[in-house]
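Sequence first, then the predicted structure, then my questions.
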Amino acid sequence: MLLNNGADANARDGLGRPALLFAIRADGSGAFSLLEPKQQLNAKDLFGINALSVAARCGREQMVAQLLAMPTIDINSKDSCGRTPL
């Protein structure tokens with residue numbers, strides 16, 4: 001409903017985290033499905049963490065698979081500690 005009324009799917013909190021990262025952490029597969037097509041999938045928070053990193057670290061296998069199916073996903077992206085998502 002919010003997205004249909006103009007809410008910004010790429011809005012970020014004070015640490016630079018977009019809504020997609022919260023949906024993944026909460027295992028919100030419905031929210032993930034709504035947000036994923038509208039997101040900049042390789043966008044990082046202030047710590048260099050992106051959606052694929054969160055999905056892998058949280059053990060969200062289905063979300064990892066969906067993200068890996070995206071041709072633009074960066075599997076070699078590094079966070080601020082030099083860790084890659086996989």
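It's in. Everything quoted here is computed from the prediction, not taken from an experiment.

any idea which residue sits dead centre in this structure?
Ala51 (2.5 Å; Cα atoms, centre = their mean).

Go ahead and confirm that residue touches Leu20.
Yes - using Cβ atoms under 8 Å, Ala51 is in contact with Leu20, at 5.2 Å. C-beta: built from backbone N, CA, C; applies to glycine.

For the residue nearest to the centre of the chain, which residues are in contact?
When contacts are counted by Cβ atoms under 8 Å, 6 or more residues apart in numbering, Ala51 is found next to 20-21, 24, 36, 39, 41-43, 63, 67.

Next secondary structure after the worst-scoring helix or strand of the chain on mean pLDDT?
When each helix and strand of the chain is scored by mean pLDDT, DSSP states H and E, helix 29-35 comes last, with a mean of 70. Using DSSP states H and E, the next helix or strand after helix 29-35 towards the C-terminus is helix 51-57.

Show me what the helix or strand just after that following helix is packed up against.
Counting by DSSP H and E, the next helix or strand C-terminal to helix 51-57 is helix 61-68. Helices and strands touching helix 61-68, as assessed by 3 or more Cβ pairs under 8 Å, 6 or more residues apart in numbering; DSSP states H and E, comprise helix 29-35, helix 51-57.

so what does the first one touch, helix or strand wise?
It refers to helix 29-35. Short answer (3+ Cβ pairs under 8 Å, 6+ apart): helix 29-35 packs on helix 19-25, helix 61-68.

coming back round to it: dump the contacts of Ala51 into JSON lines; add distance to Gly82, neighbour count and pLDDT as well.
Below are the contacts of Ala51 laid out as JSON lines (distance: Cβ to Cβ, whole Å; neighbours: other Cβ atoms under 10 Å; pLDDT from 0 to 100):
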{"residue": "Leu20", "distance to Gly82": "23", "neighbour count": "27", "pLDDT": "82"}
{"residue": "Leu21", "distance to Gly82": "19", "neighbour count": "25", "pLDDT": "85"}
{"residue": "Ile24", "distance to Gly82": "21", "neighbour count": "26", "pLDDT": "86"}
{"residue": "Glu36", "distance to Gly82": "26", "neighbour count": "18", "pLDDT": "63"}
{"residue": "Gln39", "distance to Gly82": "24", "neighbour count": "19", "pLDDT": "67"}
{"residue": "Leu41", "distance to Gly82": "21", "neighbour count": "17", "pLDDT": "83"}
{"residue": "Asn42", "distance to Gly82": "17", "neighbour count": "15", "pLDDT": "88"}
{"residue": "Ala43", "distance to Gly82": "19", "neighbour count": "16", "pLDDT": "87"}
{"residue": "Met63", "distance to Gly82": "23", "neighbour count": "24", "pLDDT": "89"}
{"residue": "Leu67", "distance to Gly82": "20", "neighbour count": "25", "pLDDT": "91"}
